[in-house]
Structures are given as structure tokens and as C-alpha cells.
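**Student:** this one's sequence-less:
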Ligand SMILES: Nc1nc2c(ncn2[C@@H]2O[C@H](COP(=O)(O)OP(=O)(O)OP(=O)(O)O)[C@@H](O)[C@H]2O)c(=O)[nH]1
């Protein structure tokens with residue numbers, strides 16, 4: 001162990017024995033590597049690692065640079081919190097791995113692999129550059145954590161509006177590219193929520209929002225996504241969905257909400273109104289969301305506690 005890096009494994013991994021051989025870059029002889037060369041190498045590696053805050057890019061840079069002095073076939077990196085797994089090159093059966101830790105905080109594990117055993121000299125060279133690697137990795141993890149936090153609504157734990165815009169841009173792009181895979185948007189708005197806050201207080205109102213979020217999340221599929229769009233409004237993005245599937249999902253959520261006893265007054269029920277828009281070649285997601293929102297307002301004006309689908313384009317035939 002040195003500099004807070006624990007080499008936890010070195011030897012032959014039996015599971016990798018059938019991995020096909022790959023062409024490996026010839027390493028520069030470590031015997032001729034001077035202290036000055038190593039200093040230069042560390043400086044160059046450090047400069048390159050400062051160019052990104054993406055963990056997978058950091059591992060790729062390390063892979064490219066390390067191969068100038070020590071031949072490795074693959075580098076795997078994994079971290080539990082935040083949960084990240086990435087790799088560069090190709091895994092082989094001989095491996096050495098290092099736990100990246102500083103001030104008792106673990107920043108993940110780096111595993112170097114190749115088809116031949118690592119020599120003592122190679123191991124000590126790899127270990128000697130780990131201190132150059134740990135700070136960029138630590139910064140990248142902090143950045144990733146901050147980005148994730150910025151995308152989460154703290155009350156419900158759902159993704160927020162910022163995350164929604166990123167996800168919907170991607171989904172619209174996918175629906176446009178694959179004509180056989182469409183998508184639907186559902187806007188959900190709790191009915192008379194102001195009256196709930198006024199009568200039972202904001203804490204009860206908050207717990208209603210959390211429970212509605214849970215009902216939605218447990219009803220939709222893993223490939224779908226739910227966002228907190230505004231105060232008492234939620235937006236669901238149903239991937240690869242027809243308009244009729246969107247209606248089935250909405251109705252399931254609507255009935256589940258209407259059946260749930262949210263309030264101290266068990267007899268009093270809460271309802272929500274739903275608006276659906278099915279993708280119809282919109283150029284951007286705000287147009288699609290606007291249609292779903294208009295449909296939701298129609299549900300409100302028609303008496304609330306119901307689902308309205310925006311009827312345009314190919315939706316009629318799907319619902320027939
Ligand atoms: N408890 C709580 N209330 C919130 C939160 N965000 C927004 N609200 C409340 O949500 C209420 C929304 O009220 P309105 O927009 O009038 O809508 P509504 O009473 O649900 O009426 P309809 O939508 O027409 O059925 C307001 O009283 C907001 O203060 C929140 O995070 N927690």
C-alpha cells in the first residue's frame with residue numbers, strides 16, 4: 001500500500017482464460033525509463049486528465065497514456081457511490097487492481113488487465129502514477145453527483161424539469177429516427193390541490209405529492225420516465241408507446257390515485273386529471289407537451305378525475 005492506494009489483487013483470474021488474444025501495443029522498456037522521463041510522463045498525464053470531468057473519458061486517457069510506458073490490454077473502473085462502471089481496451093486474465101481512497105473516502109477501484117503477468121517493476125510504476133489519477137477521478141465523481149442532485153426534485157425524488165428537457169429531447173429524436181417506435185406524453189395534475197393545502201396544511205400537501213409520485217412510478221414500466229413538472233403537476237414520458245397504451249396507463253394511475261386514502265379524513269378522496277398527446281412528427285418536445293397540457297385542461301373543464309387524449313394525426317386509428 002502506498003499513497004492511499006491499496007493494491008487489492010494481483011494474479012491470474014481464471015474466468016478470463018478463454019478471452020481471445022488481442023494485439024497489444026509494445027511498451028517502452030521500463031529499464032530505460034529515467035526519473036526525468038517518469039516526471040515528464042506524470043506531467044503529461046496530469047495535463048490530459050484535467051481536460052475532462054467525464055469518468056469514462058478519464059479512463060480512456062489513462063489507458064492511452066499508460067500504454068506508452070506499461071503495456072495494459074484493458075482498464076476497468078467501478079465505483080459504488082455514485083454507481084459507475086466503465087472500461088477502456090479489452091479485459092484479459094492477468095490483473096492488478098487499486099482502491100482509490102483519500103481521507104478514508106473511497107473513489108472507486110481501477111483494474112488493469114493483460115494477457116501476461118505484470119512484473120514488480122511494472123506494478124510499482126503503475127502504483128506510482130495513481131496519485132495523478134485520483135484527483136481527476138474525485139473531481140469527476142463530485143461533478144457527476146452535483147449534476148444528479150441538480151436534476152432531482154428533493155420533495156418527490158423524481159427527476160425535475162431540467163432532466164425532463166434533456167430526456168424529452170432524446171426521446172423525440174429517437175421517435176423521429178425510428179418510425180416504428182413512437183412515444184406518448186401524459187400530463188397529470190392533481191384536482192383542487194389548493195383546497196387540500198388550505199384545509200390540511202402544506203405538510204399533508206407535500207405528502208400527497210410524494211404518494212402520487214410513488215403511485216405513478218410503480219405503475220409505469222422501467223423504460224418510461226416520470227418528472228415533477230411543476231407544483232402539483234407531473235409529466236410521464238411513455239417510450240415506444242401507442243396512444244391506446246398511454247390511455248390504459250393513465251387510467252390505471254387515475255384509478256389508483258382515486259382509491260388511495262391520502263388524508264387524515266379517510267373518507268375524503270383525491271383525484272387527478274390527465275392529458276395525453278401521442279407523438280405526431282412534432283419538431284420539438286414543447287409542442288408535444290403543450291398538446292398534452294391542453295388535453296389535461298380539457299379534462300379539468302369536463303369535470304376533472306378523467307383522461308383526455310389530444311386527437312391529431314394517426315391517433316384516431318390507434319384508438320378505434
Ligand atoms: N404542499 C405543497 N403545495 C404546493 C407545492 N407546489 C405547489 N403547491 C400548491 O399547489 C396549489 C395549486 O393550486 P391551483 O393551481 O390553484 O390548482 P388546484 O387547486 O389544484 O385546482 P385545479 O388544478 O383547477 O383542480 C397551490 O396552492 C400551490 O401553493 C408543494 O411543493 N407543496
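**Tutor:** Cool, the structure landed. Keep in mind the model is a prediction, meaning the values are calculated, not measured.
**Student:** now the strands: where do they sit in the protein?
**Tutor:** Counting by DSSP state E, the chain has these strands, from start to end: 5-12, 74-79, 84-89, 94-102, 105-114, 184-190, 225-228, 233-238, 272-278, 307-309.
**Student:** Dump the ones you listed into TSV; add distance to residue 138 and mean neighbour count as well.
**Tutor:** Using the backbone N, CA and C atoms, a C-beta is placed for each residue, glycine as well. Formatted as TSV, those follow (distance: least, CB to CB, whole Å; neighbours: other CB atoms under 10 Å):
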stretch	distance to residue 138	mean neighbour count
strand 5-12	13	14
strand 74-79	10	19
strand 84-89	13	18
strand 94-102	7	20
strand 105-114	5	20
strand 184-190	39	26
strand 225-228	30	24
strand 233-238	33	25
strand 272-278	43	27
strand 307-309	48	23
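**Student:** Between these, which one is closest to the ligand.
**Tutor:** Closest to the ligand of the strands of the chain is strand 184-190 (CB to the nearest ligand atom; 5.2 Å).
**Student:** quick one, that closest one and strand 233-238 angle?
**Tutor:** Here the directions of strand 184-190 and strand 233-238 differ by 160 degrees (axes from the mean of the first three to the mean of the last three CA atoms, to 10 degrees).
**Student:** check whether stretch 240-259 contacts the ligand.
**Tutor:** No: taking CB under 6 Å from any ligand atom as the criterion, stretch 240-259 and the ligand are apart, separated by no less than 13.0 Å.
**Student:** List the buried residues for that stretch?
**Tutor:** For stretch 240-259, burial by neighbour count (16 or more other CB atoms under 10 Å) applies to 240-247, 249-250, 253-254, 256-257.
**Student:** now what about it, what contacts it?
**Tutor:** 181-184, 186, 188, 190, 212, 215-216, 219-220, 223-224, 236, 238, 269-272, 274, 276, 278, 305-307, 309, 315, 318-319 (CB atoms under 8 Å, 6 or more residues apart in numbering).
**Student:** go on, stretch 288-307?
**Tutor:** So stretch 288-307 is contacted by 168, 172, 185-189, 191-192, 235, 247, 250-251, 254, 258, 271-277, 279-280, 282, 308-310, 312 (CB under 8 Å, 6+ apart).
**Student:** Check stretch 101-113 too.
**Tutor:** 4-6, 8-9, 13, 16, 59, 62, 66, 72-80, 84, 91-100, 118, 126, 130, 133-134, 137-138, 141.
**Student:** Turn the strands of the chain into CSV, columns for distance to the ligand.
**Tutor:** Output for the strands of the chain, formatted as CSV (distance: least, CB to the nearest ligand atom, whole Å):
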stretch, distance to the ligand
strand 5-12, 45
strand 74-79, 32
strand 84-89, 31
strand 94-102, 38
strand 105-114, 33
strand 184-190, 5
strand 225-228, 9
strand 233-238, 8
strand 272-278, 7
strand 307-309, 14
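**Student:** quick one, what contacts the residue nearest to residue 159 when sequence neighbours are not counted?
**Tutor:** Among residues not flanking residue 159 along the chain, residue 227 sits closest, at 4.9 Å (CB to CB, 6 or more residues apart in numbering). Going by CB under 8 Å, 6+ apart, residue 227 touches 158, 159, 160, 161, 163, 164, 167, 234, 235, 236, 237.
**Student:** Show me what residue 227 is bridged to.
**Tutor:** residue 159, residue 235 (DSSP bridges).
**Student:** pretty sure residue 87 is touching residue 72, no?
**Tutor:** No: taking contacts as CB atoms under 8 Å, residue 87 lies outside contact range of residue 72: 11.6 Å.
**Student:** Next, give phi and psi for the closest residue to residue 261 other than its chain neighbours.
**Tutor:** Leaving aside its chain neighbours, residue 261 sits nearest to residue 269 (7.7 Å; criterion: CB to CB, 6+ apart). Note on residue 269: its backbone torsions stand at phi -100, psi 160 [degrees, to the nearest 10].
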